[in-house]
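> Here is a sequence together with a model predicted from it:
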Amino acid sequence: MPDFGLALPQAEWPYAQILMRMALGLSLGLLIGLERERRRKEAGLRTFGFIGLLGTMGGALGGGYGLMALALTGLLTLILNLSSLRAGQGTELTTSAAMLVTAMAGVLCGQGHTLTPAAVMVMATALLAWKERLADFSMGVSESEVRSALLLAILAIVIYPALPEGAVGPWKLIEPRAAWVTVILIAGIGFFNYVLWKLYGTRGTELSGFFGGLVNSNFTVIELSNRVREMGAVFAGTAYRGVLLATAAMIARNGTLLALLAPAALLGAAMPLALMLAASALLVTWSLHLRRRQGAEAAPDLHMAMPFSLPQALKYGAIFLALHILGALTQRQFGDAGFYVVSVVGGLLSSASAVAAAATLAEQGGITPTTAGVGAILASFTSMAFSLSFVLRMRDTALIRRLFLSIGAIAACGVLGLLIGHLAQPWVQTLISGLERAR
């Protein structure tokens, strides 16, 4: 009788390596099996451990054996569901899906992958463990919120990549992607503001003001002004602090850009930046103190109808496109000699871009560090002034007056800082020279 075993191919596996793969596959199976066991499911700790081992062995043996392991797991899920139906307990679709994911992760482990199957299994276990929270969240999401999320995804993922890169047109003044980024940012900040509001109430709106200011303070003020018009005076105090926090975040961001790109330029702008940040923090703290002193009344009942308004985002995107064209024309007309003019116009578009450009010029030797620092402050002033133009849309006279006075006070602190910096320029210049020699 022929010995068929002698005809079979044989291979020697590195013992330590295959043992590590098997241990990883088993551990991942036990991870998700532990969650199923705690919920008293038919397929629990041992079943998922075996599935992880089966997938790992299939992946180690090769592609065909990996497919066989997946097929055997599918057969096991079929048996599990038939048994569950006979017991009158319904189908186990979630557990079945988890078994197939575990088998596929085991195949990846058998092929030598580590981080990918581990990440997949952690996410799968989280989906199973957060069943109640996810169910509560899905029941609380309205149809308008789902539509808004899909619309935001279409704006960012579908439309943006289809737009041409760089400047287009005979004079190369229009950048479609740059203009569309404005639309995405306005819509994204609005959506982020809405999510934080649902999670934390009015405190979430104030947080979104600060985080939105790190991206673009003007867009954040636009979003807050729209909310004030939508909800009225009940939102005024929150909007006031949100605008001031957005302004403070913009100032801190510009200072950070100078520190990273041109540390010497930061010395010339340090005093006005510090005074403006201190004034912003003082005004926000005073507003919170007044709110607490007025009593612990119940939080206002706010209602946001939509996460963001697409027509508003498109309208302001068109405005910023026009300003972008104006900025490009100004830069072409004045060149490097009109650096301060370009900084002022750049602040209308994005103070971060204007500050980054000033810092880069200073680092390359095109302008002095002191000039770059002053240009960064001017761009910040312009950004604050441009924000006030959107504050006028709030239609709340008292709030508009408070914001004009507060932002005016912050700007006055910046002007005072510039004057102090001018008087201290000899000492600053000495420090800058010392830094340049140290480098």
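Yes, it's here.

> When you work out contacts or count neighbours from here on, use the C-alpha atoms and nothing else.
Noted.

> which residues in the stretch 51-200 of the chain form helices?
Counting by DSSP state H, counting those that start in this stretch, the stretch 51-200 of the chain has helices at residues 63-86, 93-110, 115-129, 131-140, 143-153, 160-162, 176-200.

> So which of the ones you listed is the most surrounded?
Compared across the helices of the stretch 51-200 of the chain, helix 93-110 shows the largest average neighbour count, a mean of 25 (mean count of other CA atoms under 10 Å).

> average pLDDT for it?
Mean per-residue pLDDT for helix 93-110: 94.

> And it, what does it pack against?
helix 15-38, helix 45-61, helix 63-86, helix 115-129 (3 or more CA pairs under 8 Å, 6 or more residues apart in numbering; DSSP states H and E).

> Restrict the helix or strand harbouring residue 384 to CA atoms and write it as PDB.
Following DSSP states H and E, one finds residue 384 within helix 369-391. Taking Å, rounded to 0.1, in the frame of the first residue of the first chain, the C-alpha atoms of helix 369-391 are listed here in PDB:
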ATOM      1  CA  PRO A 369      12.600  90.100  12.600                       C
ATOM      2  CA  THR A 370      11.200  93.300  14.100                       C
ATOM      3  CA  THR A 371       9.300  94.100  10.900                       C
ATOM      4  CA  ALA A 372       8.000  90.600  10.800                       C
ATOM      5  CA  GLY A 373       6.700  90.800  14.400                       C
ATOM      6  CA  VAL A 374       5.000  94.100  13.700                       C
ATOM      7  CA  GLY A 375       3.400  92.600  10.500                       C
ATOM      8  CA  ALA A 376       2.100  89.700  12.600                       C
ATOM      9  CA  ILE A 377       0.500  92.100  15.000                       C
ATOM     10  CA  LEU A 378      -1.100  94.100  12.200                       C
ATOM     11  CA  ALA A 379      -2.500  90.900  10.700                       C
ATOM     12  CA  SER A 380      -4.000  90.100  14.100                       C
ATOM     13  CA  PHE A 381      -5.600  93.600  14.300                       C
ATOM     14  CA  THR A 382      -7.100  93.200  10.900                       C
ATOM     15  CA  SER A 383      -8.500  89.800  11.800                       C
ATOM     16  CA  MET A 384     -10.200  91.300  14.900                       C
ATOM     17  CA  ALA A 385     -11.600  94.200  12.900                       C
ATOM     18  CA  PHE A 386     -12.900  91.800  10.300                       C
ATOM     19  CA  SER A 387     -14.600  89.700  13.000                       C
ATOM     20  CA  LEU A 388     -16.400  92.800  14.200                       C
ATOM     21  CA  SER A 389     -18.000  93.200  10.800                       C
ATOM     22  CA  PHE A 390     -19.700  89.900  11.400                       C
ATOM     23  CA  VAL A 391     -20.600  90.900  15.000                       C
END
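
> Who are the packing partners of it?
helix 202-231, helix 236-261, helix 263-293, helix 339-349, helix 351-364, helix 397-423.

> Could I get those in CSV, plus columns for distance to residue 383, mean neighbour count and mean pLDDT?
Converted to CSV, these look like this (distance: least, CA to CA, whole Å; neighbours: other CA atoms under 10 Å; pLDDT from 0 to 100):
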stretch, distance to residue 383, mean neighbour count, mean pLDDT
helix 202-231, 7, 24, 76
helix 236-261, 9, 23, 86
helix 263-293, 13, 19, 87
helix 339-349, 5, 24, 71
helix 351-364, 6, 23, 75
helix 397-423, 11, 18, 90
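
> what's the closest of the ones you listed to residue 71?
Closest approach to residue 71 among those (CA to CA): helix 202-231, 48.4 Å.

> just to revisit the earlier point, so which of the helices of the stretch 51-200 of the chain comes closest to residue 365?
Minimum separation from residue 365 across the helices of the stretch 51-200 of the chain (CA to CA) falls at helix 176-200, 27.8 Å.

> which other helices and strands contact that closest one?
helix 143-153, helix 160-162, helix 202-231, helix 310-334.

> Averaged pLDDT, the first one. What do you get?
Helix 143-153 carries an average pLDDT of 83.

> next one: the second one
The average pLDDT within helix 160-162 is 90.

> Name the surrounding residues that touch that helix.
When contacts are defined by CA atoms under 8 Å, 6 or more residues apart in numbering, helix 160-162 is touched by residues 177, 180-181.

> Kindly reformat those residues as a markdown table containing distance to residue 157 and pLDDT.
Formatted as a markdown table, these follow (distance: CA to CA, whole Å; pLDDT from 0 to 100):
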| residue | distance to residue 157 | pLDDT |
| --- | --- | --- |
| 177 | 12 | 82 |
| 180 | 12 | 84 |
| 181 | 11 | 79 |
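
> ok, residues contacting stretch 396-404?
Contacts with stretch 396-404, where a contact means CA under 8 Å, 6+ apart, come from 232-233, 236-237, 240, 388, 391-392, 394.

> of all the residues you listed, which comes closest to residue 165?
Using CA to CA, the contacts of stretch 396-404 come closest to residue 165 at residue 388, 31.9 Å.

> which residues sit in contact with that closest one?
Per CA under 8 Å, 6+ apart, neighbours of residue 388: 403-404.

> Local confidence estimate at it?
Reported pLDDT for residue 388: 87.

> ok, and the closest non-adjacent residue to residue 416?
Nearest residue to residue 416, sequence neighbours excluded (CA to CA, 6 or more residues apart in numbering): residue 272, at 6.9 Å.

> ok, so what distance separates the one you found from residue 113?
Distance of residue 272 to residue 113, computed by CA to CA, to the nearest Å: 53 Å.
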